[in-house]
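Chemist: Provided below for reference: sequence and predicted model.
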Amino acid sequence: MKRDIGDLAIFGGSSAFLQPIYVGRPNVGDRARFFDRVNWALDHQWLTNGGPLAREFEQRVAELAGARYCVSTCNATVALQLLARAADLSGEVIMPSLTFPATAHAFRWLGLTPVFCDIDPSTGCMDPALVEAAITPRTSAIVPVHLWGRPCAVDELAKVAADHGLKLFYDAAHGLGCTSGGRPIGGFGQAEVFSFHATKVVNAFEGGAVVTDDEGLADRIRALHNFGFTQGRVSTEAGINGKMTEAAAAMGLTSLDAFEETVRQNKANYDGYRSELTGLAGLKVVDFDPGERNNYHYLIVEVDAAVTGVHRDLLGDVLKSENVVCQRYFSPGCHEMEPYRSERPVTLPHTERLARKVLALPTGPTVSREDIRRICDIVRLTVERGHEVTRRAGERVESAVAP
């Protein structure tokens, strides 16, 4: 246990962890079952092109998402692009800035213009009233993000989209297994996109999917993700290669097998962090609606430097010195990054304020209760003596640059 700030590794103490502990460690599941699936694919020599494992994965994702159709893809960025192309989007697409840059980049690569909208600071998701204010004659779609698995204001956003005749597609990269109003994320808007990147609650090494109740939209996406081929191997339009391989589907199915246990462990970790950190002035563990289902894949804290005396970035540096590698999900916002900062300058006060506070701490099945206790011990010491930590860190920097 670290009793004094001199015990912190950043000031010369011993690291709390011998090996780095990361945010986003893969949820692998039963390795033997994974290899059984891969061996089955190898034995049958069907490794891609919509094989049996990919089709099974799509069926299971659709069931979990409460959607009729699922088209698996090589990653979620490509899934967003396929969806945009299949829906014939043009002009401007309204989206939050508080998201991973792939949300914006996917549309910009197609020649569309991301228009960033500010958030409701209480949820981190787009404010429907501000979405409506951002609509112009060039707007073709609204693309909200269920941030950290917290659902957007789906009813209000649906009304805005309907009132203005716009497409409504959700980036649900964080949202598998979560609900809004008791309904699974995956069934809102005209379509939703999931990510199965290695860091997600269900991983397929790399992978993504579009889920929808629109049969025509699903059929077009399925053609586009296979070079535009439809029945009879005839190309009807210019498509790309966006398919999920059988090896990726094998990993996705194995990760899905472990999904309920992963969520259980995530929830236990979430409860552990809350127990350790609740009541710490200036630090808040981002909560989830107890009336909804969540995958608890993200453990987010907000650090109020005005209260703690220590900035979120310095807390991150302190933890990194202890071999706890955190992430700033998501900071800076996309509108503060290139190329968007130069092309379309905009001020989003709620986004900017929250982005400067948030820090993701390690969780998942590989993180133990003792890991959490040690991490929280470091966080508590740093925050409770924030002014002193900040002063000493400043002196350390000055000493390092002195001639």
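Modeler: Good, I have the coordinates.

Chemist: longest helix in the protein, by residue count?
Modeler: helix 259-277 (DSSP state H).

Chemist: Could you name the helices and strands sitting against that one?
Modeler: strand 283-285, strand 299-303, helix 369-384 (3 or more CB pairs under 8 Å, 6 or more residues apart in numbering; DSSP states H and E). C-beta here means a position set from N, CA and C on the backbone, and glycine is covered the same way.

Chemist: burial measure for the closest residue to residue 96 other than its chain neighbours, as a count.
Modeler: In this structure, residue 96 finds its nearest non-sequential neighbour in residue 126, 4.8 Å apart by CB to CB, 6 or more residues apart in numbering. Residue 126 has 31 neighbours, counted by other CB atoms under 10 Å.

Chemist: now do the one 5 residues further on
Modeler: Taking other CB under 10 Å as the criterion, the count of residues near residue 131 is 27.

Chemist: With the one 10 residues further on instead?
Modeler: Around residue 141 there are 23 other residues, counting by other CB under 10 Å.

Chemist: hang on, isn't it packed against residue 166?
Modeler: Yes: Residue 141 is within contact range of residue 166, at 5.8 Å (criterion: CB atoms under 8 Å).

Chemist: still on that earlier bit, what average pLDDT does the longest helix of the chain get?
Modeler: Mean per-residue pLDDT for helix 259-277: 98.

Chemist: for stretch 81-94, same thing?
Modeler: On average, stretch 81-94 scores 98.

Chemist: CA atoms of it as PDB?
Modeler: C-alpha atoms of stretch 81-94 as PDB (Å, rounded to 0.1, in the frame of the first residue of the first chain):
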ATOM      1  CA  GLN A  81     -18.800   3.100 -45.000                       C
ATOM      2  CA  LEU A  82     -20.900   0.300 -46.500                       C
ATOM      3  CA  LEU A  83     -23.900   1.600 -44.700                       C
ATOM      4  CA  ALA A  84     -23.400   5.100 -45.900                       C
ATOM      5  CA  ARG A  85     -22.900   3.900 -49.500                       C
ATOM      6  CA  ALA A  86     -25.900   1.500 -49.400                       C
ATOM      7  CA  ALA A  87     -28.100   4.400 -48.100                       C
ATOM      8  CA  ASP A  88     -26.800   6.800 -50.800                       C
ATOM      9  CA  LEU A  89     -25.800   9.400 -48.300                       C
ATOM     10  CA  SER A  90     -24.500  12.700 -49.600                       C
ATOM     11  CA  GLY A  91     -23.500  16.100 -48.300                       C
ATOM     12  CA  GLU A  92     -23.400  16.400 -44.500                       C
ATOM     13  CA  VAL A  93     -23.700  13.900 -41.700                       C
ATOM     14  CA  ILE A  94     -24.300  15.100 -38.100                       C
END
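
Chemist: still on that earlier bit, the residue nearest to residue 96 and residue 304: what is the separation?
Modeler: 23 Å (CB to CB, to the nearest Å).

Chemist: quick one on the thing from earlier: name the stretch among the helices and strands packed on helix 259-277 that sits most buried.
Modeler: strand 299-303 (a mean of 22; mean count of other CB atoms under 10 Å).
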